[in-house]
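Q: Okay, sequence plus prediction incoming.
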Amino acid sequence: MTSYLSDYVQQIKPSGIRRFFDLAATMEGVISLGVGEPDFVTAWNVREASILSLEQGYTSYTANAGLYSLREEISRYVSSRFGLTYSPDDELIVTVGASQALDIAIRAIVNPSEEVIIPEPCFVAYESLVSLTGGVPVHVHTTADKGFKATAEDFEAAVTEKTKAILICSPSNPTGSVYSKKELHEIAEFAKKHDLIVLADEIYAELTYDEEFTSIAALPGMKERTVVISGFSKAFAMTGWRLGFAAAPSEIRNAMLKIHQYAMMCAPAMAQYAALEGLKNGIEDVEKMKKSYRRRRNLFVETLNEIGLSCHHPSGAFYAFPSIKSTGMSSEQFAEELLLQEKVAVVPGNVFGPSGEGYIRCSYATSIEQLQEALVRMKRFLHKTT
Ligand code: PLP
């Protein structure tokens, strides 16, 4: 029987992360290092602002692009934190998570058969979102010895006449890598040379631990060709609120708004009021959470290396991406056996792309006690299996 489904949809695969969560959910006593979200509850003042908005009856649609006051605050925020200049009038859009910002940015610029170069291992949504437009995701392989980062030469080797954009994620999910200013300069020169758009997923921008974060959009001549994707999920511990934003040159931002107004109308009003409070009075909390992640990163990565899982140094986000190659197991085997034998849930690296084979992703956004217990279990597992 012919399928009713669109060819583009048939082409994409369900996210490989879910299978492990479904398995872990059936077991007792599992320590999960699997989920990519903060273990903090959203700050009380942020929750209260949302409750107040409901009490005051602000329950209608907002402007399609988001509350003007929120866009103004985002404009001030990206300027003071990252040196970016975006107008609330026509260069910012409030979205349903960074996920939707990514989706509409890609749909706004990619025509069928146009290529988007994506260094991998990478966030699971990128490839599928490009494929859903009829575009072609082109992977660039990265390696641990180069910090899982693609260089301008790597991009140069992948570029063709059909290349429309490159998609970079810094700090990275799943590897925690952060591109330096120098590396971004070189990538920026490459993008300008080939007249490409840069989709910059900066959802973890607040979470860098060793060096200051640089946005590629802040480099000379880059604002006009960059779409910055960001949001509140990670730094403000607001994953369930579903609130993100994008900053882009007005032509692209207006195209994104066209899609957004038909597909979504606007982001949830009560979440927008919460985010407004987060930006006005929540930066101290962001800093506190960041300090706590840094402590956990130091402990977790150091111990991983000690127990024999060699791990490149993750400078940002809240993920460690250690190699499990010494065990001789595949990523899937390792993750499954670790879950079944020691009840520790991690994500096999191959779900983030072929370069992730031989690695696992561990989120250290969980308590120090849980991390220590997970490490004891992992050490025991390694003794048993190697
Ligand atoms: N981009 C990256 C790199 C992510 O890791 C995630 C979530 O895990 C997202 C985007 C989506 O974030 P949001 O919750 O804002 O949709």
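A: Great, that's in hand.
Q: Against the ligand, how distant is the residue lying closest to Ala218 once chain neighbours are set aside?
A: Residue nearest to Ala218 in three dimensions, not counting chain neighbours: Gly83, with 4.7 Å by C-beta to C-beta, 6 or more residues apart in numbering. In this view, the C-beta of every residue, glycine as well, is placed from N, C-alpha and C. In this view, Gly83 and the ligand are 21 Å apart by C-beta to the nearest ligand atom, to the nearest Å.
Q: which SSE is Glu287 in?
A: Using DSSP states H and E, Glu287 maps to helix 283-306.
Q: quick one: contacts of the following helix or strand past that helix?
A: Where DSSP H and E defines the elements, the next helix or strand beyond helix 283-306 is strand 319-320. For strand 319-320, contacts defined as C-beta atoms under 8 Å, 6 or more residues apart in numbering pick out 36, 172-176, 297, 300-301, 304, 311, 314, 361-364.
Q: Could you do stretch 75-93 as well?
A: Stretch 75-93 is touched from outside by 65-66, 68, 71-72, 74, 101, 104, 202, 205-206, 213, 215, 217-218, 223, 228, 230, 245-250, 253-254, 256-257, 260, 279, with contacts defined as C-beta under 8 Å, 6+ apart.
Q: In helices only, show me those.
A: With DSSP state H as the criterion, helices contain 68, 71-72, 74, 101, 104, 250, 253-254, 256-257, 260, 279 from among these.
Q: Save those residues as JSON lines, and put in pLDDT too.
A: Converted to JSON lines, these look like this (pLDDT from 0 to 100):
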{"residue": "Tyr68", "pLDDT": "98"}
{"residue": "Arg71", "pLDDT": "98"}
{"residue": "Glu72", "pLDDT": "98"}
{"residue": "Ile74", "pLDDT": "98"}
{"residue": "Ala101", "pLDDT": "98"}
{"residue": "Ile104", "pLDDT": "98"}
{"residue": "Ser250", "pLDDT": "98"}
{"residue": "Arg253", "pLDDT": "98"}
{"residue": "Asn254", "pLDDT": "98"}
{"residue": "Met256", "pLDDT": "98"}
{"residue": "Leu257", "pLDDT": "98"}
{"residue": "His260", "pLDDT": "98"}
{"residue": "Leu279", "pLDDT": "98"}
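Q: which among those end up buried?
A: Arg71, Glu72, Ile74, Ala101, Ile104, Arg253, Met256, Leu257, His260, Leu279 (16 or more other C-beta atoms under 10 Å).
Q: so can I have CSV of the residues you listed showing distance to the ligand?
A: Below are these laid out as CSV (distance: C-beta to the nearest ligand atom, whole Å):
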residue, distance to the ligand
Arg71, 17
Glu72, 21
Ile74, 14
Ala101, 8
Ile104, 12
Arg253, 18
Met256, 15
Leu257, 18
His260, 14
Leu279, 15
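Q: which one of those is nearest Gly147?
A: For those, the residue nearest Gly147 by C-beta to C-beta is Ala101; the value is 25.8 Å.
Q: so how far does stretch 305-319 reach from one end to the other?
A: 14 Å (C-alpha to C-alpha, to the nearest Å).
Q: what's the spacing between it and its chain's center?
A: Here stretch 305-319 is found 18 Å from its chain centre; the criterion is C-alpha atoms, centre = their mean, to the nearest Å.
Q: what about it, near the ligand?
A: No - using C-beta under 6 Å from any ligand atom, we find that stretch 305-319 stays clear of the ligand, coming within 7.4 Å at best.
Q: List the buried residues of the helix holding Glu287.
A: Applying a neighbour-count criterion of 16+ other C-beta under 10 Å, the buried positions in helix 283-306 are 283, 285-286, 289-290, 292-294, 296-297, 300-301, 303-304.
Q: Phe123: which of these is nearest?
A: Tyr293 (18.2 Å).
Q: So for the contacts of strand 319-320, which is the shakiest by pLDDT?
A: Lowest pLDDT of those: Gly36, 86.
Q: any idea how far that residue is from Glu373?
A: For Gly36, the distance to Glu373 equals 20 Å [C-beta to C-beta, to the nearest Å].
Q: Which one's more surrounded, the two?
A: Gly36 (20 against 16; other C-beta atoms under 10 Å).
Q: contacting residues for that one?
A: Contacts of Gly36 (C-beta under 8 Å, 6+ apart): Asn173, Phe318, Tyr319, Ser363, Ala365.
Q: interface residues of the stretch 51-200 of the chain facing the ligand?
A: For the stretch 51-200 of the chain, the residues in contact with the ligand (C-beta under 6 Å from any ligand atom) are Gly97, Ala98, Ser99, Phe123, Cys169, Asn173.
Q: In those, find the pair that's most separated.
A: The farthest-apart pair in those, when distances are taken by C-beta to C-beta, is Gly97 and Cys169, at 14.9 Å.
Q: What are the structural domain limits within the protein?
A: Annotated domains of the chain cover 2-42+284-385, 44-282 [automatic domain parsing].
Q: Determine how far the last residue of the first one lies from the first.
A: It stands for domain 2-42+284-385. 47 Å.
Q: Likewise for stretch 302-313?
A: End residues of stretch 302-313 are separated by 9 Å (C-alpha to C-alpha).
Q: now it: how far from the chain's centre is it?
A: A distance of 23 Å separates the C-alpha centroid of stretch 302-313 from that of its chain, computed with C-alpha atoms, centre = their mean.
Q: what's it in contact with?
A: Stretch 302-313 is contacted by residues 144-145, 147-148, 175, 177, 210, 301, 320-324, 326, 362, 375, 378-379, 382, 386 when judged by C-beta under 8 Å, 6+ apart.
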